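1. here is my input, please return the structure:
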Amino acid sequence: MDIIEISKHAIPFLSKGLIVTFYLSMISGLLAVIIGIIGGICGTSKIFLLRWINSIYVNIFRGTPFLIQLYVIYFVLPIFGIRLNVFQAGIGTLALNSGAYISEIVRAGIIAIPKEQSEAALSLGMSPYLEMKLIIFPQVIRIIIPPLVGQLILLVKDTSVISLIGIFDLIKVGRELAIAYGENPIVIYSLVAFFYFVICYPLYLFSISIEKKLRLHTENL
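-> Got it, this is the predicted structure:
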């Protein structure tokens, strides 16, 4: 079969894999952001126990390979009575792994805010919650948007590893098609790369757009 014929047959199957990859990326990305925000706040908390728990979590998930984390969650946890299907294990691993990195991004953003602002908020009688909501976090968001989007792009790419536990995502479908069209696998893998690009490039453009807006806002202050 020539390139055009292979593409015509492969694209419908790859599109289904793309939908699965997009679903994994959206759900796990949302959870990772929530986990990261909570972790970043705990990482700067004055309560030692919260900082300690967050530090252990971050060090474990940043200090071990993503594939090992996936295998532990999917294959080892059932030994202790915790059984997850492939989607739950995949989404959970992606969220926890990226959440650890986002936690450090958020923590660094909070630390970057001058302490004088916190002192001023406390002198006005603000509670720690109001201080974080009204003073600290709006500024943190401006700082962390570019690295946060970068981390979410990495999360999309990490979804390719989830195929190893049986999810028919984009890379899994591509691998099966490459075997089926063994005489010309380069066409299939080129299409797979293109579909990943379709997901990641808009995120990159969004990051660039946000950076430009933030730069203009800063210059106008």
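
2. can you show me the strands along this structure?
-> Assigned strands in the chain: none (criterion: DSSP state E).

3. mind naming the longest helix for it?
-> helix 3-43 (DSSP state H).

4. can you spell out which helices and strands pack onto that helix?
-> For helix 3-43, the packing partners by 3 or more Cβ pairs under 8 Å, 6 or more residues apart in numbering; DSSP states H and E come out as helix 48-63, helix 86-112, helix 137-158, helix 170-180, helix 185-220. C-beta here means a position set from N, CA and C on the backbone, and glycine is covered the same way.

5. OK, contacts around Pro138?
-> Pro138 makes contact with no residue, according to Cβ atoms under 8 Å, 6 or more residues apart in numbering.

6. next: Ser98.
-> Contacts of Ser98 by Cβ under 8 Å, 6+ apart are 28-29, 32, 36, 151-152, 154-155, 158.

7. could you rerun that using 6 Å?
-> 32, 151, 155 (Cβ atoms under 6 Å, 6 or more residues apart in numbering).

8. tell me the spacing between the spatially closest residue to it that is not a sequence neighbour and Phe197.
-> Nearest residue to Ser98, sequence neighbours excluded (Cβ to Cβ, 6 or more residues apart in numbering): Ala32, at 3.8 Å. With distances taken as Cβ to Cβ, to the nearest Å, Ala32 is found 21 Å from Phe197.

9. give me the more crowded residue out of those two.
-> Neighbour count, other Cβ atoms under 10 Å: between Ala32 and Phe197, Ala32 has more, with 27 against 11.

10. that one and Leu96 touch, don't they?
-> No. In this structure, Ala32 is not within contact of Leu96 by Cβ atoms under 6 Å, at 7.8 Å.

11. what angle sits between the longest helix of the chain and helix 86-112?
-> For helix 3-43 against helix 86-112, the angle by axes from the mean of the first three to the mean of the last three Cα atoms, to 10 degrees is 50 degrees.
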